[in-house]
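Student: Mind folding the following:
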Amino acid sequence: MTSSLGPILIKSPFILAPMAGCTDLPFRLLCREYGAGLCYSEMIDCQGLVVQQQECLELLPTNTTEQPVIMQLYGSDPGTMGEAAAILSEHPIAGIDINMGCPMEKIIQQGAGAALMKNPRLAEKIIAAVCKNSTKPVTVKIRSGWNQHTITAPEIAKIAEGAGAQAIAIHARTWSDGFTGPIDHGVIQQIMKSVSIPVIANGDITSHEQGVALLKKIGCAGVMVGRAALGAPWIFSETVNQHPSMAYRIKALLRHLELAETHLTPEPSLSKIRNHAWKYFRGTTTGPAIRKQIDATTSYTELRTFIHTLAERVPQK
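Tutor: Reported below is the predicted structural model:
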């Protein structure tokens, strides 16, 4: 069923979260094939984009198959964020997201990411600058706050709406929580009451069933899945067994490799693909041994050969 996040139409409320080093074009395409209604890119440094750094430009490729896609910017200077938004607006994307949730120390030290949760005034200037300079819809991804003593998400959400944002994604943990502990359903519901724009719930969703349950419980516009989708893109499917066979896992990984070979040149990064590959075997009895073998590969060709060999050894059922 088609629904919308502001002007962005999506066919499923299940959304792939932005993850640094993970949500490149091949993985986004794979998640779309499994049913994700919308995917977010890796976070893009606004300063790097403005000065056309190669590592930033490499994050920009997209195609019609993965639409709609939202690309995410991070930074702490309103002017530079605005410039970057104007550049990004020229690309064939559905929207631009502002990262106000990343807990990484190098991002926090710049006053960006989750650090903006304790600086509402600066957050407002950044959101306004991006909205003013973007020809695409703008969304904002936030956390509950900096820590349990500073839950600023409802305030920031209202600021974001007032500055022109058209949807909010809330990772309902604080910066100090990191990625541990249950998400705070209460803060999500507070945000939903405080704004009229769509609210997406993020955090602690480890299966399709959990996502459906959260949608029903709080009535949010969508659920955003991050780390649980790595090595398990089938989390976006309502028909695939959430604990698939080894043969199914290998088939999914081979499709991931196929997409990576098609869209990453001259060939996929070994470290990046290894980081994806071993996760397809999490929770299996042979997973730890397979991970050791994957980590021992010294070239992409060697890794691909190992996965194909593995496929030949596993019963196809």
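Student: For this structure, give me the ranges with low pLDDT.
Tutor: Residue ranges of the chain with pLDDT under 70: 1-2, 316-317.
Student: for it, what spans make up the strands?
Tutor: Taking DSSP state E as the test, the strands found in the chain are 3-5, 8-10, 14-16, 38-45, 69-74, 95-100, 138-143, 167-171, 199-202, 222-225.
Student: a markdown table please, covering these and showing distance to residue 302 and mean neighbour count.
Tutor: The way it works is simple: take the backbone N, C-alpha and C, and place the C-beta from them, glycine included. Formatted as a markdown table, the strands of the chain follow (distance: least, C-beta to C-beta, whole Å; neighbours: other C-beta atoms under 10 Å):
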| stretch | distance to residue 302 | mean neighbour count |
| --- | --- | --- |
| strand 3-5 | 42 | 18 |
| strand 8-10 | 39 | 18 |
| strand 14-16 | 29 | 27 |
| strand 38-45 | 26 | 25 |
| strand 69-74 | 32 | 26 |
| strand 95-100 | 35 | 26 |
| strand 138-143 | 37 | 27 |
| strand 167-171 | 37 | 28 |
| strand 199-202 | 36 | 26 |
| strand 222-225 | 31 | 24 |
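Student: out of the ones you listed, which comes closest to residue 210?
Tutor: Across those, residue 210 has its closest neighbour in strand 222-225 (8.4 Å, C-beta to C-beta).
Student: and that closest one, C-alpha only, in PDB?
Tutor: Provided in PDB are the C-alpha atoms of strand 222-225 (Å, rounded to 0.1, in the frame of the first residue of the first chain):
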ATOM      1  CA  GLY A 222       7.100   4.400   9.200                       C
ATOM      2  CA  VAL A 223       9.800   2.300  10.900                       C
ATOM      3  CA  MET A 224      13.500   2.700  10.200                       C
ATOM      4  CA  VAL A 225      15.700  -0.400  10.300                       C
END
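Student: how deep is the residue nearest to residue 303 when sequence neighbours are not counted tucked in, by neighbour count?
Tutor: Excluding the flanking residues, the one nearest residue 303 by C-beta to C-beta, 6 or more residues apart in numbering is residue 297, at 4.2 Å. By the measure other C-beta atoms under 10 Å, the count of residues near residue 297 is 18.
Student: Report the contact partners of residue 297.
Tutor: Applying C-beta atoms under 8 Å, 6 or more residues apart in numbering, we find residue 297 in contact with 270, 274, 303, 306.
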